[in-house]
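Asks: With the input below, show me the fold.
(chains A, B, C, D, E and F)
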Protein chains: 6
Amino acid sequence: RFDRKIVLELPQRVARRKILDVHVRKIPLADDVDLDEIASLTIGFSGADLRNLANEAALHAVKEERKKVCMTDFDFAHDKVRMGAQRTDILNPQERRRIAVHESGHAAVAHYLPNTDPVHQVSIIPRGQALGMTEQLPEEDRHNYPEAYLKSRMAIMLGGRCAEQLVFGDVSTGAADDLKNCTELAKRMVAIWGMSEKLGPVHYHIGDEHPFLGYELAQEKDFSEQTATLIDEEVRRLVEEANLLAKSTLEQHRDKLEALTERLLKDETLDHDAVVEVLG
Amino acid sequence: RFDRKIVLELPQRVARRKILDVHVRKIPLADDVDLDEIASLTIGFSGADLRNLANEAALHAVKEERKKVCMTDFDFAHDKVRMGAQRTDILNPQERRRIAVHESGHAAVAHYLPNTDPVHQVSIIPRGQALGMTEQLPEEDRHNYPEAYLKSRMAIMLGGRCAEQLVFGDVSTGAADDLKNCTELAKRMVAIWGMSEKLGPVHYHIGDEHPFLGYELAQEKDFSEQTATLIDEEVRRLVEEANLLAKSTLEQHRDKLEALTERLLKDETLDHDAVVEVLG
Amino acid sequence: RFDRKIVLELPQRVARRKILDVHVRKIPLADDVDLDEIASLTIGFSGADLRNLANEAALHAVKEERKKVCMTDFDFAHDKVRMGAQRTDILNPQERRRIAVHESGHAAVAHYLPNTDPVHQVSIIPRGQALGMTEQLPEEDRHNYPEAYLKSRMAIMLGGRCAEQLVFGDVSTGAADDLKNCTELAKRMVAIWGMSEKLGPVHYHIGDEHPFLGYELAQEKDFSEQTATLIDEEVRRLVEEANLLAKSTLEQHRDKLEALTERLLKDETLDHDAVVEVLG
Amino acid sequence: RFDRKIVLELPQRVARRKILDVHVRKIPLADDVDLDEIASLTIGFSGADLRNLANEAALHAVKEERKKVCMTDFDFAHDKVRMGAQRTDILNPQERRRIAVHESGHAAVAHYLPNTDPVHQVSIIPRGQALGMTEQLPEEDRHNYPEAYLKSRMAIMLGGRCAEQLVFGDVSTGAADDLKNCTELAKRMVAIWGMSEKLGPVHYHIGDEHPFLGYELAQEKDFSEQTATLIDEEVRRLVEEANLLAKSTLEQHRDKLEALTERLLKDETLDHDAVVEVLG
Amino acid sequence: RFDRKIVLELPQRVARRKILDVHVRKIPLADDVDLDEIASLTIGFSGADLRNLANEAALHAVKEERKKVCMTDFDFAHDKVRMGAQRTDILNPQERRRIAVHESGHAAVAHYLPNTDPVHQVSIIPRGQALGMTEQLPEEDRHNYPEAYLKSRMAIMLGGRCAEQLVFGDVSTGAADDLKNCTELAKRMVAIWGMSEKLGPVHYHIGDEHPFLGYELAQEKDFSEQTATLIDEEVRRLVEEANLLAKSTLEQHRDKLEALTERLLKDETLDHDAVVEVLG
Amino acid sequence: RFDRKIVLELPQRVARRKILDVHVRKIPLADDVDLDEIASLTIGFSGADLRNLANEAALHAVKEERKKVCMTDFDFAHDKVRMGAQRTDILNPQERRRIAVHESGHAAVAHYLPNTDPVHQVSIIPRGQALGMTEQLPEEDRHNYPEAYLKSRMAIMLGGRCAEQLVFGDVSTGAADDLKNCTELAKRMVAIWGMSEKLGPVHYHIGDEHPFLGYELAQEKDFSEQTATLIDEEVRRLVEEANLLAKSTLEQHRDKLEALTERLLKDETLDHDAVVEVLG
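Replies: Here you go, the predicted structure:
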């Protein structure tokens, strides 16, 4: 059996169309709205993202005093949902530079490593919970992730922190989420997908977040301390390898990393073409 | 005492007939409907599957504007329940090929190993939660599983992943469920059925999923860390042995594996006879 | 103080009479019904069994269109409660033979070992949850169990599995409950009755099943890992010793084991006298 | 501070009088009832015992058709509460002899060891949950227990089992409660009263039974595994020492032990004077 | 930041005055009642003690048939609350002597060690839950406890048990609460106040009693087994050191300890001056 | 992605303005009130602090019999919320001196170490829960904390306790909260921000306080004992290093530390300029 549950557990195109259908039921749509196209363009959106998309589009139409929601409203909503609302925090120059370096690190590793999704956008404008963001988007829905893809992904996650280390000589608290996501991915590789030779193609129950409480319930581990030690060592090994990969990639392209940082400080947001222009 | 609770804990023929009786009580049946025959043909169906079968048959009859549900409706429902509703995901050629290789791996191991149930169908049409499936069906209800049968079963579960490794040189996230089921089976062999010499004919309480919450409740393990380590080592040994068995089986029949993959890519779904025709 | 709580925690004769009194209060009894005799004959019945006995007797009387429940009804109910309702599963010859071997193993070990209760009946007719059963009944209520009795009992529990191993060369999933019961008994010997010299006459809290939920609640173990390891080793030793005892007993009487198997396949159910006739 | 909470946590004389006052409020008392005397005579009664005493006295008066409850009723109730209602189980001669040996063991150890309370009664008449009982009563309320008293007490608890071992060459399941109580006492000596030199005058939280649920709630142990191991070893040492003490005491007085057994088999219940007469 | 939460977490003078204000709101006070003075004199009272104080004073005034509560009532209530209601238990001479020795031990260690609060009263009259008590009171509210003070305090707690050991050659169950409090203090020194060099100025979460349930909730320890072992060893070391300190102090003043015991047996309660008179 | 969640998880300027808007909705504001300025000046305030600020300003206006709340009221409230209400505890000279030494230690370490926020105020006037306090304020909102800043911060936290050790030769219970906060910070550095080389850029789940219950819920640790030991060792190392840093800083400026203590004992509260004047 070939399981469809994947890393990000996101709905695929067909599912997205169905979810959209539900959320636009009470919204008067203009004739130009093509739900199939919207479903195609919302790769990487979760169910909640799609509900927000419909709501934001409707709100925008009201604001623009239109009686029907048209494609322009969906375009606006698409940006807002994907990136969060813009914030007006004033960052001092040192902090702003650190963020630019951090995001350039993510983008550069994503650009130079093989087996990665293209960089869609890099930005140092604070939005939602984030002070900056680097966005990758696959060209089409992914149903399955080979090991090589996952290893590149881990290196990209650590790229921001590596760039800080390279440029400033130390790291900061800003990489907490990157570390958490990277560790989570390494754990799944080891415990769920059998990608550690030491632990073999065996499934180890590592628990899921409780959907409501936001943290795991107390669960009896279903393996021994010896196995727990092996899992930790393998997770540590995978993360260290990804870290070294990110580091060597950035050292090799140090000048390009700095060029991207300067461009980001100047333009604040770069699209795919701008990133490619700078990084080559 | 010879316990009737078995691996899959599925109802046997007589029980299936009784379950069907309950679910068709409010359904007007045509004269050609033979519930005994349906019970005989639904080997491997759970209680929930049988309820779905009745519902789907009734829905199909309504769709066809018949006043009574006839045997044709049950035939249609049988397919839908057994395999899930077809999905319209568009997979790219690489993903489609990987799925074909994966399913061919399951099928080939099932075909060449002794002590196995016959391959009923192989398919790479996405249905329900799965992107592909390989289905085995025993010729009659099983009440008891000898050790040799269980070992072959584990190798079949790992056959999909082994085929990916053999053909592409790496594995992917698609085998998560296979690994989980195979590990679960190995654990039961070691802890419930006394099939590890190191641990002896002793029962070790390894916990069941909570039926409602979907995960185990916090339970005090009833054995020591030393025993937990032994269990983990034995589970790992059994899974590794099954993996080697699957691997050597596929290496020995590499050309047939590829033939089956090509046939699957062409026909998408193969029945028992087609599989036998390709694999010999 | 000499504690009355015993292995099976079943009501004794006097208690059974009182329980019967409660359950027949609303049942019209014929003059030939002797509740004292029924209480005497229901050794090994739990409180729930006695309630079922009364209900089944009443149902049988209704079926037979009698206005009062007479002793014949209780005789019928006695069989049904003790053994479960007969099932109509059709087992294939291999499975049927394996069950016959398994039950013969239980019966032969019970027959040849000292300090055991007599074999009351052996059967390979599927009833209730079981595909076969071997029933022992003490000649009178037991209030206390010496160590020698418990060791024989463990060997009898493993006798079915040993017979399978001896005859077919492998074991199957059918012995799961035997292993569980045998392990449970060994644990009590070690932790509750002080029957391991290594652990001494010390009580170790090993937890009880929660009466309602059917599994143990999370409880802090009240002993150290070192003690847990000792308990596991001693339990494993006791079970292994019982296994060897069962095995050597069956090897010594291999021809009788096979004779009993053939007789069972022919007659399906054997009473005490038939078993003695075959086994000598 | 000198803490009043003691081993058995029973109410003392003054407290017993107060508890009696509460429970006789609605009972018409005859003039001869002296509650102070009853309080003096009920050493070892718990609060629940005292409530039962009042209820049983009232029930007895009703049975005897008296309008007021008199001292005779309290005498009757006193026996019933202290020993439980008599049962009419018929034990076979072997079981009856084992119980007599077991109870004689308790009584003989209690008689010959120093620092013990006098034997009040020994009986092999089944009452309440017990098949036999040996009762000790202090001459006056105890407020404090020196170490020597506790060590003798543990030996008395194990005396029944030792006698079985001595006379029959094996032990039985009947000593389960003795082992549990003896272990519990050893644990308190080690963890609560600082009576192990290895662990020092340190308090270790070993948990109490939850008053309502009847078992301990899951609690984080407040000490390390190393300490848990030390506690287990010290508990085991104390229990083994008590066992050796009981054993050597009984071996030294083997003839008296057997004399007491025979007398018990003859008379079924022996009071203090009869025990002293036999044991010297 | 200099934290105000202290060992006993008791309200200071100003807080006591405010608590008193709340509890006397509905009590008619005579003119001689000076709440400021009462607040000054109730060092060591908890909030609950102060509420009891107000209630007991009011009850006493009613008993004395006064319409207003006067200072005399507060004096009476002060004694009752501080020491508990007197009990009328009759202790035998051995128990009474053991208690006198135990309390003399507390008092003597408190008297001879430096960095201690003065002994306010010693008594062997049973009150509340205690059979005897030794009371120390600081001359003014303490806001902060240096390490030297805490070490003396631990020795005082163990002084009662040491005196028993010295005089009777063994210990008893009466010191359970002393051990518990002493262990609790040692744990806080090690885990909360950084007073162990081995563990450094690090905070270790050792859990608090649940205010309502009276015991700790199941909490995941936030440190490793290695650290737990270190904490246990350091706690054991601190308690042993305090025990040796108490022991050597009492051995050095053995004659005074016995003089205090005799005086206590004669007078039952000694105030500060009497203690000083005996101990010098 | 550059995460905005930071050490203290406090709202930034823009967020503070929005929170203020909510809390002043029902308060009549005078024309001189500039909410933007208040938002700018309340760096380091939590959401709860801002609600208190609004409430205290309103209460102050009522007290001053003004009909509208003006900027003066907010100034008063600002002080009260930031520092807590003043208390009138009378501390004895020794305790007062110890607090002065403790706070001088915090202030001196904060002053002499690089990568720190400026000292805003030092005080030995008891307020709220604290007997003294040293307050640092950043010049502008911080969005991100480099490693060097965190290490200085830990040393400042331990500076109070180090000063006590230096001046009095021992420590006291007053540093409990400092130790707790410092340990918490070290743990996050090791487990959340990847700042230990031994543990690498891996995320370890160390649990959060439950917002409502005030303590952590029972959670299964998601790492092995070996990892837990490593984390403990690294946390201990970081805290010890911070302790040595604080100690050497204070030893180097011993005379200034004492000068600051004397000035504090004289003036009780010192602002930034006064601290700089003394420390140079």
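
Asks: Show the model's pLDDT score for the residue of the stretch 1-150 of chain A found nearest chain F.
Replies: When distances are taken as Cβ to the nearest Cβ, the stretch 1-150 of chain A approaches chain F most closely through A:Gly132, which lies 4.1 Å from it. Every C-beta, even on glycine, is put in place using the N, C-alpha and C of the backbone. Taken from the predicted model, the pLDDT recorded for A:Gly132 is 88.

Asks: The host helix or strand of A:Asp255 vs chain F: in contact?
Replies: Using DSSP states H and E, A:Asp255 maps to helix A:254-267. No. For a cut-off given as Cβ under 8 Å from any Cβ of the partner chain, helix A:254-267 has no contacts with chain F; the smallest distance is 11.5 Å.

Asks: Following the chain past that helix, name the next helix or strand.
Replies: Counting by DSSP H and E, the next helix or strand C-terminal to helix A:254-267 is strand A:269-271.

Asks: Next, the buried residues of that following strand.
Replies: Of the residues in strand A:269-271, A:Leu270 count as buried by neighbour count, 16 or more other Cβ atoms under 10 Å in any protein chain shown.

Asks: Could you give the separation of stretch A:254-271 from the chain centroid?
Replies: Here stretch A:254-271 is found 20 Å from its chain centre; the criterion is Cα atoms, centre = their mean, to the nearest Å.

Asks: If you could redo that for stretch A:94-112, that was the one I meant.
Replies: Relative to the mean C-alpha coordinate of its chain, stretch A:94-112 is positioned 14 Å out (Cα atoms, centre = their mean).

Asks: hmm, who's touching the strand or helix carrying the residue of the stretch 1-150 of chain A closest to chain F?
Replies: With the criterion set as DSSP H and E, the secondary-structure element containing A:Gly132 is strand A:130-136. For strand A:130-136, contacts defined as Cβ atoms under 8 Å, 6 or more residues apart in numbering or on different chains pick out A:82-84, A:89, A:91, A:95, A:99-100, A:102-103, A:106-107, A:110, A:116-127, A:156, A:160, A:174, F:1-4, F:143-144.

Asks: Just the buried residues from those residues, in ChimeraX please.
Replies: ChimeraX command restricting the contacts of strand A:130-136 to the buried ones, with burial defined by 16+ other Cβ under 10 Å:
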select /A:82,83,89,91,95,99,100,102,103,106,107,110,116,117,119,120,121,122,123,124,125,126,127,156,160,174 /F:1,2,3,4,143,144
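
Asks: quick one: contacts of stretch A:188-195?
Replies: Taking Cβ under 8 Å, 6+ apart as the rule, stretch A:188-195 contacts A:7, A:147, A:150, A:196, A:199-206, A:231, A:234-235, A:238, B:161, B:171-173, B:175-176, B:179-180.

Asks: For the residue in chain A sticking out farthest from the centre, which non-adjacent residue is spatially closest?
Replies: Checked against the mean C-alpha position of chain A, the extreme residue using Cα atoms, centre = their mean is A:Lys67, at a distance of 35.3 Å. With Cβ to Cβ, 6 or more residues apart in numbering or on different chains as the criterion, A:Lys67 has its nearest non-adjacent residue at 6.8 Å, and that residue is A:Pro28.

Asks: again with A:Leu270
Replies: Spatial nearest neighbour of A:Leu270, excluding adjacent residues (Cβ to Cβ, 6+ apart): A:Val122 at 4.8 Å.

Asks: Distance of the one you found relative to D:Gln12?
Replies: Counting by Cβ to Cβ, to the nearest Å, the separation of A:Val122 from D:Gln12 is 80 Å.

Asks: what residue lies at the spatial centre of chain A?
Replies: If you average the C-alpha coordinates of chain A and look for the closest C-alpha using Cα atoms, centre = their mean, you land on A:Glu135, 6.1 Å from that point.

Asks: partners of that one in the sheet?
Replies: Partner residues in beta bridges with A:Glu135, using DSSP bridges, are A:Gln121.

Asks: From A:Ile124, how far out is it?
Replies: As judged by Cβ to Cβ, A:Glu135 and A:Ile124 stand 13 Å apart.

Asks: Where does chain A get nearest to chain F, residue-wise?
Replies: For chain A and chain F, the shortest gap (Cβ to the nearest Cβ) falls at A:Ala228, measuring 3.6 Å.

Asks: sorry, back to before: in the strand holding A:Gly132, what counts as buried?
Replies: Of the residues in strand A:130-136, those buried under the neighbour-count criterion (16+ other Cβ under 10 Å) are A:130-136.

Asks: hmm, which two among the residues you listed are most spread apart?
Replies: The widest separation within the buried residues of strand A:130-136, taken as Cβ to Cβ, falls between A:Leu131 and A:Gln136 and amounts to 18.4 Å.

Asks: Just confirm A:Asp73 contacts A:Lys63, I think it does.
Replies: No. Contact between A:Asp73 and A:Lys63 fails when scored by Cβ atoms under 8 Å: they sit 9.1 Å apart.

Asks: In chain A, spot the helix with the most residues.
Replies: Ranked by residue count and defined by DSSP state H, the top helix of chain A is helix A:225-252.

Asks: Is that helix positioned near chain C?
Replies: No. Shown here: helix A:225-252 not in contact with chain C (Cβ under 8 Å from any Cβ), separated by at least 9.8 Å.

Asks: what's that helix packed up against?
Replies: For helix A:225-252, the contact count by 3 or more Cβ pairs under 8 Å, 6 or more residues apart in numbering or on different chains; DSSP states H and E identifies helix A:93-112, helix A:147-168, helix A:176-191, helix B:225-252, helix F:225-252 as packing neighbours.

Asks: Setting the sequence-adjacent residues aside, check what's closest to the closest residue to chain B within the stretch 101-250 of chain A.
Replies: With Cβ to the nearest Cβ, the shortest gap between the stretch 101-250 of chain A and chain B falls at A:Ser224, namely 3.6 Å. Nearest non-adjacent residue to A:Ser224, counting by Cβ to Cβ, 6+ apart: B:Ala228, 3.6 Å away.

Asks: which residues of the stretch 1-150 of chain A fall in helices?
Replies: Listed in chain order, the helices of the stretch 1-150 of chain A (DSSP state H, counting those that start in this stretch) span A:13-23, A:35-41, A:47-63, A:71-83, A:93-112, A:147-168.

Asks: how about the ones you listed in JSON lines, adding mean pLDDT and distance to D:Val190?
Replies: As requested, those are exported to JSON lines (pLDDT from 0 to 100; distance: least, Cβ to Cβ, whole Å):
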{"stretch": "helix A:13-23", "mean pLDDT": "87", "distance to D:Val190": "62"}
{"stretch": "helix A:35-41", "mean pLDDT": "88", "distance to D:Val190": "69"}
{"stretch": "helix A:47-63", "mean pLDDT": "90", "distance to D:Val190": "56"}
{"stretch": "helix A:71-83", "mean pLDDT": "87", "distance to D:Val190": "63"}
{"stretch": "helix A:93-112", "mean pLDDT": "95", "distance to D:Val190": "57"}
{"stretch": "helix A:147-168", "mean pLDDT": "96", "distance to D:Val190": "51"}
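
Asks: Which one of those lies nearest to chain C?
Replies: Between chain C and these, the tightest spacing by Cβ to the nearest Cβ is seen for helix A:47-63, at 33.7 Å.

Asks: returning to that earlier point: and the residue nearest to A:Lys67, how many residues sit next to it?
Replies: Applying other Cβ atoms under 10 Å in any protein chain shown, we find 12 residues neighbouring A:Pro28.

Asks: Test my guess that it contacts A:Arg66.
Replies: No. In this structure, A:Pro28 is not within contact of A:Arg66 by Cβ under 8 Å, at 9.4 Å.

Asks: residues contacting A:Ala274?
Replies: Going by Cβ under 8 Å, 6+ apart, the list of residues near A:Ala274 reads A:263, A:267.

Asks: now it: how far from chain C?
Replies: With distances taken as Cβ to the nearest Cβ, to the nearest Å, A:Ala274 is found 56 Å from chain C.

Asks: What helix or strand is that residue located in?
Replies: Secondary-structure assignment from DSSP H and E places A:Ala274 in helix A:272-279.
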